[in-house]
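Colleague: the sequence and its predicted three-dimensional model are supplied below.
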Amino acid sequence: MRRDSKISGVSSLLGHPVVAMALGALLGAALTLVSERAASFVTPQDPFRGFAIVAVMTGARLLAALIALGAYSLLAREGLAPFGFALGISFIAGLALEAVKVSRHNATHTSA
């Protein structure tokens, strides 16, 4: 099998909308987990260290998303829109779920 046909096969697979959306959602979920893990470093004992870790991880997440979008545009341009849409929606949905989880945890400890 020639290398050109292998690359063409991978490109056509990545260009399929269902595959592109699945990969985008998977990356978005992974980036959300990174965000949640980074936020756990913010503690009352050393908030500045925690803030620095969150800032670095935010930049790393942005860089990872930009690299993934760039690579997808080079490898399978026809799948870029579904990949980017799923990436964005899954990341936003994950952050919304995380915010709800944190707010419910804080609401159970308040006295009315």
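Modeller: Yep, that arrived. Residues are numbered from 1 along each chain as shown.

Colleague: on the three-state scheme, Pro44 is what?
Modeller: Under DSSP: H, G, I helix; E, B strand; the rest coil, Pro44 falls in the coil class.

Colleague: next, it: phi, psi?
Modeller: When read as degrees, to the nearest 10, the backbone of Pro44 gives phi -60, psi -30.

Colleague: burial count for it?
Modeller: 6 (other Cβ atoms under 10 Å). To be clear about C-beta, it is placed using only N, CA and C from the backbone, and glycine gets the same treatment.

Colleague: now do Gly9
Modeller: 11.

Colleague: residue ranges for the helices of this structure, please.
Modeller: Using DSSP state H, the helices of the chain run over residues 3-15, 17-39, 47-75, 80-107.

Colleague: point out the most buried one among those helices.
Modeller: helix 17-39 (a mean of 17; mean count of other Cβ atoms under 10 Å).

Colleague: counting contacts, what elements does that one pack onto?
Modeller: Secondary-structure packing of helix 17-39 (3 or more Cβ pairs under 8 Å, 6 or more residues apart in numbering; DSSP states H and E): helix 3-15, helix 47-75, helix 80-107.

Colleague: again, only using 6 Å
Modeller: The contact analysis (3 or more Cβ pairs under 6 Å, 6 or more residues apart in numbering; DSSP states H and E) places helix 17-39 against helix 47-75, helix 80-107.

Colleague: and these: which comes nearest Leu23?
Modeller: helix 80-107 (6.1 Å; Cβ to Cβ).

Colleague: by contact count, what packs against that closest one?
Modeller: Applying 3+ Cβ pairs under 6 Å, 6+ apart, one finds that helix 80-107 contacts helix 17-39, helix 47-75.

Colleague: please name the residues that touch the nearest residue to Phe91 once chain neighbours are set aside.
Modeller: The spatially closest residue to Phe91, leaving aside those adjacent along the chain, is Gly28, at 4.0 Å (Cβ to Cβ, 6 or more residues apart in numbering). Counting by Cβ atoms under 6 Å, 6 or more residues apart in numbering, Gly28 touches 87, 90-91.

Colleague: mean pLDDT lowest for which of the helices and strands packed on helix 17-39?
Modeller: Lowest mean pLDDT within the helices and strands packed on helix 17-39: helix 80-107, at a mean of 84.
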